[in-house]
Every structure is written in structure tokens, then in C-alpha cells.
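**Student:** Quick one, what's the 3D model for this:
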Amino acid sequence: MRHGTVLLAAGASRRLGRPKQTLLIDGEPLVARMAGMALATDPRALVVSLGAQAGAVRRALGDLGDDPRVRCVEAPDWARGMGASLRSGLDALPDDCDAALVLLCDQPALTVAHLERLLAAWRADPAHASASAYAGVLGVPAVLPRAWWPSIDGGSDRGARELLRARAAEISAVAAAGLERDLDTPIDLDPLP
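**Tutor:** This is a model prediction of the structure:
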């Protein structure tokens, strides 16, 4: 079974006031950090869904953008929200991907080990999804089986959130301490590693 990865990097970061995708952690842009973790899971393809600041985000990928598995796509309706960006990313994955690992750019506590646990949980029961469990919710990163993709609402600002809530009984939860911290406002930046 093969997975593809969709890295959502289209948002305008309005509350933060600057593109979060290009923020540096240990000298590395967040988008490159997340793309590197995604590639470490050996996906069939990594689709980076772009929108606002597409050029800057593309440049922030650095050499990872040259990897033949990486494809940047610009979501034409990215301003509608995460659902539109996710829909564009899913649509760009190769036909032989059995599932999509969905990632955000703004979870600094994410590790490759957690992504591997999500993929292992999905492979153990490929008809079901696997999702990160933190702060009392199921969220991303998550692995969505291909059969679930048509249910993603491209007109929603919720991305996969509504789908994960509606189908919670069909999801393997993988504990993810620390992932509740994301980078949405300037106060969230203090302290970063």
C-alpha cells in the first residue's frame, strides 16, 4: 500500500502578520521542515498546496523542491480555506496512492516518528483513517484512505476536521502530545526552538 502526502501551505497567516510557512526553526523554514519529515516517510508523492505567498513558500522549500517526488500546486481558491487547499492537493496526487497523509506547516512539535505511527495505524486497517489525538480532538496530521477523499468539502474552511468528527468511529487515534500548539498569532512564536 502506498501513500501520498499533502502539505497544506496555502494560508495567508493573517493573524500572525507574516507567512508562517517561512518562519525559521533551528534555521530551517517551517515548510521545508515539514516537507523533509513528509519525505522521510517515503511517500509516492508529496504535493505542497500553495496559495498566498506562493513564490516565497516555493523558495523556502529550497533543494527539497527539486526532489522528483515533490510537486507544488497552486490552489486557485485557496482563500476559501483549508478545504479548498486540501481538495487541490488530493486532486494532484498520483492515482496509485491508496491514502493521503495530510500535514500542516505550523505544528513545531511534529516528529517523523509520529508520522510513522500514523501510517502504521492506517496500514493495520486500511479501510479506516488514522488521526492525531491531542487536546481532546482528532486532527491532523492524519492519514485519509482514498475512499474518503470525495467527502472533502473544497468549499469549507475546515479542511478534514468535519470529516474526522463525522467518522470518528472509523479512525485509529494516535496520541500526539504537543501538537495542540500551532503558530497562529505572534504570541504563539514565543519561545520557538
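**Student:** need the helix or strand of the chain with the lowest average pLDDT.
**Tutor:** Of all helical and strand segments in the chain, the minimum by mean pLDDT, DSSP states H and E falls on strand 24-25, at a mean of 78.
**Student:** Tell me the span between the first and last residue of stretch 123-138.
**Tutor:** Using Cα to Cα, to the nearest Å, the end-to-end distance of stretch 123-138 comes to 18 Å.
**Student:** Ala100 touches Val140, doesn't it?
**Tutor:** No. The pair Ala100 / Val140 is not scored as a contact, 10.7 Å apart, by Cβ atoms under 8 Å. Using the backbone N, CA and C atoms, a C-beta is placed for each residue, glycine as well.
**Student:** so for the strand or helix carrying Met34, what's the average pLDDT?
**Tutor:** For Met34, the host element (DSSP states H and E) is helix 30-40. Helix 30-40 shows a mean pLDDT of 95.
**Student:** which secondary structure elements does that helix contact?
**Tutor:** strand 3-9, strand 46-50, helix 54-60, strand 99-104, helix 112-124 (3 or more Cβ pairs under 8 Å, 6 or more residues apart in numbering; DSSP states H and E).
**Student:** Could I get the CA-only coordinates of it as PDB?
**Tutor:** Extracted C-alpha coordinates of helix 30-40, given in PDB (Å, rounded to 0.1, in the frame of the first residue of the first chain):
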ATOM      1  CA  LEU A  30       8.800  25.500   8.600                       C
ATOM      2  CA  VAL A  31       7.600  24.400   5.100                       C
ATOM      3  CA  ALA A  32      11.000  22.800   4.400                       C
ATOM      4  CA  ARG A  33      11.000  21.200   7.900                       C
ATOM      5  CA  MET A  34       7.600  19.600   7.300                       C
ATOM      6  CA  ALA A  35       8.400  18.600   3.700                       C
ATOM      7  CA  GLY A  36      11.500  16.900   4.900                       C
ATOM      8  CA  MET A  37       9.600  15.000   7.600                       C
ATOM      9  CA  ALA A  38       7.000  14.000   5.000                       C
ATOM     10  CA  LEU A  39       9.700  12.800   2.600                       C
ATOM     11  CA  ALA A  40      11.300  10.700   5.400                       C
END
